[in-house]
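Novice: Test case, fold it:
(one chain, ligands or ions: 1)
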Amino acid sequence: MRTRIKICGVTRTEHALAAVAAGADAIGLVFVERSPRHVTPEQARAITDALPAFVDAVGLFANHDPALITRTAHDANLRTLQLHGDETVAILDQLPPLPVTRALPFTDDAPTRHADWLTHPRTKAILWDSPPDSDGNFGGTGHTLPWHALRQRLDLPDAEQWPPPVVAGGLTPANVADAIRTLRPYAVDVSSGVESSRGNKDIARITAFCNAVRNADRNADRNADRDR
Ligand SMILES: O=C(O)c1ccccc1N[C@@H]1O[C@H](COP(=O)(O)O)[C@@H](O)[C@H]1O
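Specialist: Numbering: from 1, shown residues only. Predicted coordinates:
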């Protein structure tokens, strides 16, 4: 299986293109003002205009006004929306008809509390992230979530009906293979783990991350062949 890769919090076109060259499937553009990776719609548009075909441009929002999300999606030419705040599914009626990834902090009660998102047809993926940090940052915190607890929850029969899982939170080139082995996610999503300093993406780390994902996929395929 091929694990999709999203490199999040890209602020420069050269980093987006390096990520795509390394094998990334999606680029994340952060519109959350307090993030060190925040971009304006104009900056985001310069990046999305440079992307080749078949690469997803994902816009990240947290508790934004739906009218602002709609305007930003248009101005920045976004292809997917990723919601990180306290939004309820009611917001979907006020958003443009783009695929939505819902970011949810993984806790034992998250599936019950967010059942609406897990069953809504507009939710195309669930991004399981670590909870907001003590400073109230919604993501990009570099903290891992409890992978084994999430695996156990994903193994329960009702989870088969949920949108595909994306794993985020504290991933790095060094631990992403473990995350893939443990969780077998649809996609992995990384931000701070491919930076040289907070908010500054590093091409060598982006490349190492993508290579680590591909190696993990090859190992998983080999093991599946062996077990057949
Ligand atoms: O990247 C950010 O700055 C950010 C800001 C606000 C909401 C989400 C954000 N990023 C997302 O958080 C996850 C985890 O980040 P990290 O890898 O632990 O640094 C990341 O995958 C982004 O989707």
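Novice: L29 in helix, strand or coil?
Specialist: For L29, the assignment made with DSSP: H, G, I helix; E, B strand; the rest coil gives strand.
Novice: which ones are touching it?
Specialist: Going by Cβ atoms under 8 Å, 6 or more residues apart in numbering, L29 touches 10, 39, 44, 47-48, 57-60, 76, 78. Backbone N, C-alpha and C define where each C-beta goes, glycine included.
Novice: T70 and Q94 touch, don't they?
Specialist: Yes - T70 is within contact range of Q94, at 7.5 Å (criterion: Cβ atoms under 8 Å).
Novice: The two: which is more packed in?
Specialist: Using other Cβ atoms under 10 Å as the criterion, T70 and Q94 rank with T70 on top: 16 against 11.
Novice: How about the more buried one, nearest residue that isn't a chain neighbour?
Specialist: Nearest residue to T70 in three dimensions, chain neighbours excluded: P96, at 5.4 Å (Cβ to Cβ, 6 or more residues apart in numbering).
Novice: What number of residues are in the vicinity of that neighbour?
Specialist: 12.
Novice: go on, the one 5 residues further on?
Specialist: Residues contacting T101 under the criterion other Cβ under 10 Å number 26.
Novice: what does this protein put close to the ligand?
Specialist: 8-9, 28, 30, 32, 35, 37, 60, 62, 84, 129, 138-142, 168-171, 189-193 (Cβ under 6 Å from any ligand atom).
Novice: centroid residue for the chain?
Specialist: D189 (4.1 Å; Cα atoms, centre = their mean).
Novice: Each with direction, which strands does the host helix or strand of it pair with?
Specialist: Assigned by DSSP states H and E, D189 falls within strand 187-190. Strands that pair with strand 187-190, judged by DSSP bridges, come out as strand 4-7 (parallel), strand 165-167 (parallel).
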